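Enquirer: After the sequence you'll find the predicted model.
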Amino acid sequence: MIELEIQVLSDRREGLVMELGQVIAAHRYALLRQRLTQDRRGAWLSMVVRGPSEQRFALEEMLGSHNRVLSFEAALCDEASAISMAPRSMQPAFTPELRREPEQIVVAPDLEQVEQILPRLTGNFPDIYPWLRVLESSVASPAREPSLFLAGRRAGAWVYKRDYATNAPLNLGDAIRRVAVPAMQQIAQIEQRGVHVHVLNCPLCAPSGQSGCRFYGGYLEGLLGAAVVAGKKVRIRHLSCRSAGAAQCSLEIAH
């Protein structure tokens, strides 16, 4: 086992720890500690992770090429002095004067349960909600939302390949109008305004209950992947949730 010290620059901090944490967990690494800070250049995330040495380069490749990552550095913890000698502009997450952010727990999706439920989702589509309830009850509480997101992404990719596969690349606006909207309308009552999608009376988010709309975020990412939007990465931002008191669950599509 080895320990790596990783430093990442991203354009925004929302969901950064969770998204990169899923990549880390998928490569059998554990997040030991992390610090997330912000400056005029963006969000800086520094992490110390531990895992098998044979997975090191695969992990570094996946993190370095992740669509949320603008700048990436990694070194063995016993090589940390080399990082400290880097230009000052490349090491803001490690400078002692920065304020330490509260620790965040990174939880990976339950891959086994997601794999088990996927044939039920695709075999009964669009009647998916009974099986999503089964998934929610089958995973540990911290893994519920990441598992819903992954199930949504896998289901969205399946729907795209089944109904919308085309050799002609689409720009984001056309992809939303021609793929995302009709595919979302198969499973939910929605309103779409530009890059915003609003889920009305969200079946997964009861008022004052648990939030489940991350499924739709994954579903949209699966639909609007690089194969659809002219080689660009699509990301979904969750703006509001019915379970938190909003009138509807709202999502924003960007690349």
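Expert: That came through, no problem.
Enquirer: Count the neighbours of Lys233 for me.
Expert: 15 (other C-beta atoms under 10 Å). No exception for glycine: its C-beta is placed from N, CA and C like everyone else's.
Enquirer: my bad, Ser46
Expert: Using other C-beta under 10 Å, Ser46 has 20 neighbouring residues.
Enquirer: Low-confidence ranges, the stretch 51-200 of the chain, go.
Expert: Scanning the stretch 51-200 of the chain with the threshold set as pLDDT under 70 gives 78-107, 167.
Enquirer: Strands along that one, start to end?
Expert: 71-76, 190-193, 196-199 (DSSP state E, counting those that start in this stretch).
Enquirer: Just say which of the ones you listed is most tucked in.
Expert: strand 196-199 (a mean of 20; mean count of other C-beta atoms under 10 Å).
Enquirer: Restricting to C-alpha, output the very next helix or strand once past that one in PDB.
Expert: Counting by DSSP states H and E, the next helix or strand C-terminal to strand 196-199 is helix 214-223. Taking Å, rounded to 0.1, in the frame of the first residue of the first chain, the C-alpha atoms of helix 214-223 are listed here in PDB:
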ATOM      1  CA  ARG A 214     -29.500  13.000  -8.000                       C
ATOM      2  CA  PHE A 215     -30.900  10.100 -10.000                       C
ATOM      3  CA  TYR A 216     -32.100  12.700 -12.600                       C
ATOM      4  CA  GLY A 217     -28.700  14.400 -12.600                       C
ATOM      5  CA  GLY A 218     -27.000  11.000 -13.500                       C
ATOM      6  CA  TYR A 219     -29.700  10.200 -16.000                       C
ATOM      7  CA  LEU A 220     -29.100  13.500 -17.800                       C
ATOM      8  CA  GLU A 221     -25.300  13.000 -17.800                       C
ATOM      9  CA  GLY A 222     -25.800   9.500 -19.200                       C
ATOM     10  CA  LEU A 223     -28.000  10.900 -22.000                       C
END
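Enquirer: Contacts for helix 214-223, please.
Expert: For helix 214-223, contacts defined as C-beta atoms under 8 Å, 6 or more residues apart in numbering pick out 132, 145-146, 148-160, 164, 175, 179-180, 183-184, 187-188, 197, 199, 202, 204, 234-236, 238, 249, 251, 253.
Enquirer: Find out how far that helix is from the centre of the chain, if you would.
Expert: On the basis of C-alpha atoms, centre = their mean, to the nearest Å, helix 214-223 sits 9 Å off its chain's mean C-alpha point.
Enquirer: just to revisit the earlier point, would you mind giving the strands of the stretch 51-200 of the chain as JSON lines with distance to Gly212 added?
Expert: Output for the strands of the stretch 51-200 of the chain, formatted as JSON lines (distance: least, C-beta to C-beta, whole Å):
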{"stretch": "strand 71-76", "distance to Gly212": "32"}
{"stretch": "strand 190-193", "distance to Gly212": "15"}
{"stretch": "strand 196-199", "distance to Gly212": "10"}
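Enquirer: nearest to Asp39, of the ones you listed?
Expert: The closest of these to Asp39 is strand 71-76. By C-beta to C-beta, the value is 12.5 Å.
Enquirer: which helices and strands does that closest one pack with?
Expert: Strand 71-76 sits against strand 2-10, helix 56-64, helix 80-84, with contacts defined as 3 or more C-beta pairs under 8 Å, 6 or more residues apart in numbering; DSSP states H and E.
Enquirer: Relative to Ala168, which of the ones you listed is closest?
Expert: Of these, nearest to Ala168 by C-beta to C-beta is helix 56-64, at 29.0 Å.
Enquirer: Please identify which of the strands of the stretch 51-200 of the chain is closest to Ala30.
Expert: strand 71-76 (15.4 Å).
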